[in-house]
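In: Sequence first, then the predicted structure, then my questions.
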2 protein chains.
Amino acid sequence: MAIKTLNVNEDILNANDVLAENLKNRFSQSHIFVMNLMSSPGAGKTSVILKIIEALAKKFKIGVIEGDIASDVDSQKIAKTGVEVLQVNTRGACHLDANMILSASNSLGLDGKQLLIIENVGNLVCPAEFQLGEDIKVMILSIPEGHDKPLKYPLMFTESNALILNKVDLLPHTDFDMNELRKTVLAMNPAIEIFPISAKTGEGTEAFTTWLEGKIATK
Amino acid sequence: MAIKTLNVNEDILNANDVLAENLKNRFSQSHIFVMNLMSSPGAGKTSVILKIIEALAKKFKIGVIEGDIASDVDSQKIAKTGVEVLQVNTRGACHLDANMILSASNSLGLDGKQLLIIENVGNLVCPAEFQLGEDIKVMILSIPEGHDKPLKYPLMFTESNALILNKVDLLPHTDFDMNELRKTVLAMNPAIEIFPISAKTGEGTEAFTTWLEGKIATK
């Protein structure tokens, strides 16, 4: 007798890919550029979004989707800037998926917006597997996390178009080896753009927002 | 017609709970105390384990199970101390489960060991849901991650018996509010023990290893 196998994870990922492809078409029709921002908890996703808003809100109409398991502390920070924000509480789920982004886009409204920033759940593992119909994936690694992280969480580093190295102001107080990090990451993903920044002091953030602006302009 | 529903996540968690209960009995019969150590990537799990080994390896026979998606960089650090270590590569899975710990315990061997330390995959979300037959769950939050994390990742904080606040040497360079953190965590989990430490400078680590020694002694 043939054995039936239920490949649960595979089925979930395939279904998500189909939905993500539809979302991507929809975003294209709306002429909106979509960035999926991922990192460990506390690496600085919200701080980086605030820097993007500071640099680009006068040039582009921005919307933000905030993914969190619980709470709306990040959305509150975004809302203070006057940018439209929608909080998605995943109620335990460790990542955002295309279905959540479909509902969230409907609630937020895409009309007239040119840049949609999606802040994923703080997690260096699961979000890397779920396409959200985005144009680019950007990840943040913060200096105190250490330069050995690409070896331990390879998918996140190979999937991302850009890597922001946040909290460079803490470099003198850690053993972080910048050359080692660059060497490891570029061996895994030669096309990745690397931006060392400090969202706290503002160092290096302009290089990133200028790169992002170029990406938006070419869509 | 009745609709059949497949509650995939629920089924997986229930099956894991049954296996974890069996593991717990097995650990008890072997008189081995088991600690499940969890945190975000780069919060300092391996550094804390090295401090535990430094303090307790002369008193107890220790074994370590290292969980990572990929690589064995942490196992190599543990092996240098002479303590027996087994690397589990989850090949993409974002947490350890009871089945992995069953296989790992068989490979490592429990005979004569008194303390088994399980270093979970770096993730503040998924590991909190999977019981591993452990006696205690210990989590690490590192200072640069910020004091708002309990609100965003509540399950990890409510499930843990002890919270290590690592990298207190970086306190002067961050906005971390220790009082706010304590207030939030204790409101969610009044029984949790909180240990501010620096695995780098050694500050506060003795308080934690003494508490752990007490826990092992009472088993």
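Out: Now that the structure is in, tell me what you want to look at.
In: so what secondary structure elements neighbour the lengthiest helix in chain A?
Out: Ranked by number of residues, the top helix in chain A under DSSP state H is helix A:8-29. Judged by 3 or more CB pairs under 8 Å, 6 or more residues apart in numbering or on different chains; DSSP states H and E, helix A:8-29 is in contact with helix A:98-108. (C-beta placed from N, C-alpha, C; glycine too.)
In: gap between the helix it packs on and the chain center?
Out: 16 Å (CA atoms, centre = their mean, to the nearest Å).
In: what's around A:Arg182, how many residues?
Out: A count of nearby residues for A:Arg182, using other CB atoms under 10 Å in any protein chain shown, gives 16.
In: whoops, A:Ser30 was the one
Out: A:Ser30 sits with 17 neighbouring residues when counted by other CB under 10 Å.
In: Would you agree it is in contact with A:Leu110?
Out: Yes: look at A:Ser30 against A:Leu110 with CB atoms under 8 Å: they come within range, at 4.5 Å.
In: Can you pull out the residues in contact with the following helix or strand past the longest helix of chain A?
Out: For helix A:8-29, the following helix or strand on the C-terminal side (DSSP states H and E) is strand A:33-39. Strand A:33-39 has contacts (CB atoms under 8 Å, 6 or more residues apart in numbering or on different chains) with A:27, A:45, A:48-49, A:114-120, A:122-124, A:127-128, A:132-142, A:156, A:160, A:212, A:215-216, A:219.
In: what do you get if the cut-off is 6 Å, keeping everything else the same?
Out: A:27, A:45, A:115-120, A:127, A:132, A:134-140, A:216, A:219 (CB atoms under 6 Å, 6 or more residues apart in numbering or on different chains).
In: quick one: strands adjacent to it?
Out: Take DSSP bridges as the rule and strand A:33-39 pairs in its sheet with strand A:115-119 (parallel), strand A:136-142 (parallel).
In: can you list these in a markdown table and add mean pLDDT and mean neighbour count?
Out: Listed next are the strands paired with strand A:33-39 as a markdown table, based on pLDDT from 0 to 100; neighbours: other CB atoms under 10 Å in any protein chain shown:
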| stretch | mean pLDDT | mean neighbour count |
| --- | --- | --- |
| strand A:115-119 | 98 | 26 |
| strand A:136-142 | 98 | 25 |
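In: Now render those strands as JSON lines, adding distance to B:Asn22.
Out: Listed next are these as JSON lines, based on distance: least, CB to CB, whole Å:
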{"stretch": "strand A:115-119", "distance to B:Asn22": "40"}
{"stretch": "strand A:136-142", "distance to B:Asn22": "39"}
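In: Which one of those lies nearest to B:Leu151?
Out: strand A:115-119 (15.2 Å; CB to CB).
In: could you give the angle of that closest one to helix A:8-29?
Out: Interaxial angle, strand A:115-119 versus helix A:8-29 (axes from the mean of the first three to the mean of the last three CA atoms, to 10 degrees): 160 degrees.
In: Next SSE downstream of the host helix or strand of A:Ala187?
Out: Element membership for A:Ala187 (DSSP H and E) is helix A:178-188. Counting by DSSP H and E, the next helix or strand C-terminal to helix A:178-188 is strand A:193-196.
In: So what touches that following strand?
Out: In contact with strand A:193-196 (CB under 6 Å, 6+ apart) are residues A:162-165, A:168, A:204, A:207-208.
In: circling back: contacts (any at all) between chain B and the helix holding A:Ala187?
Out: No: shown here: helix A:178-188 not in contact with chain B (CB under 6 Å from any CB of the partner chain), separated by at least 10.6 Å.
In: so what does that helix touch, helix or strand wise?
Out: Contact analysis of helix A:178-188 by 3 or more CB pairs under 6 Å, 6 or more residues apart in numbering or on different chains; DSSP states H and E lists helix A:154-159 as its packing neighbours.
In: Quick check: residues of chain A near chain B?
Out: So far as CB under 6 Å from any CB goes, chain A lies against chain B at A:8, A:40-42, A:68, A:70-71, A:73, A:94, A:123-126, A:144-146, A:148-149, A:151-152, A:154, A:170, A:173.
In: tell me the two of the contacts of strand A:193-196 that are most distant?
Out: It's A:Ala162 and A:Val168 that sit farthest apart of the contacts of strand A:193-196, by CB to CB, at 15.6 Å.
In: Find the centremost residue of chain A, please.
Out: A:Leu37 (0.9 Å; CA atoms, centre = their mean).
In: how close does that one get to chain B?
Out: 15 Å (CB to the nearest CB, to the nearest Å).
In: can you check A:Lys137 too?
Out: With CB to the nearest CB as the criterion, A:Lys137 and chain B are 17 Å apart.
In: same thing with A:Lys183?
Out: A:Lys183 is 15 Å from chain B, by CB to the nearest CB.
In: Tell me how many other residues surround that residue.
Out: 13.
In: Same question for the one 4 residues further on.
Out: Other residues within reach of A:Ala187 by the criterion other CB under 10 Å amount to 9.
In: How about the contacts made by it?
Out: By CB under 6 Å, 6+ apart, A:Ala187 has no neighbours at all.
In: What confidence value was assigned to it?
Out: Looking at A:Ala187, its pLDDT is 98.
In: Secondary structure element holding A:Ala55?
Out: Element membership of A:Ala55 [criterion: DSSP H and E] is helix A:45-56.
In: what about dumping the CA coordinates of the lowest-mean-pLDDT helix or strand in chain A to CSV?
Out: Ranked by mean pLDDT, DSSP states H and E, the weakest helix or strand in chain A is helix A:8-29, scoring a mean of 89. C-alpha atoms of helix A:8-29 as CSV (Å, rounded to 0.1, in the frame of the first residue of the first chain):
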residue,chain,number,x,y,z
VAL,A,8,3.2,20.3,6.3
ASN,A,9,6.0,22.8,6.1
GLU,A,10,6.4,22.5,2.4
ASP,A,11,2.7,22.9,1.7
ILE,A,12,2.5,26.0,3.9
LEU,A,13,5.5,27.5,2.1
ASN,A,14,4.2,26.7,-1.4
ALA,A,15,0.8,28.2,-0.6
ASN,A,16,2.5,31.3,0.8
ASP,A,17,4.6,31.7,-2.3
VAL,A,18,1.5,31.7,-4.6
LEU,A,19,-0.2,34.3,-2.4
ALA,A,20,3.1,36.4,-2.3
GLU,A,21,3.3,36.4,-6.1
ASN,A,22,-0.3,37.8,-6.3
LEU,A,23,0.6,40.4,-3.7
LYS,A,24,3.7,41.4,-5.7
ASN,A,25,1.5,42.0,-8.8
ARG,A,26,-0.9,44.0,-6.8
PHE,A,27,1.9,46.2,-5.3
SER,A,28,3.3,46.7,-8.9
GLN,A,29,-0.1,47.8,-10.2
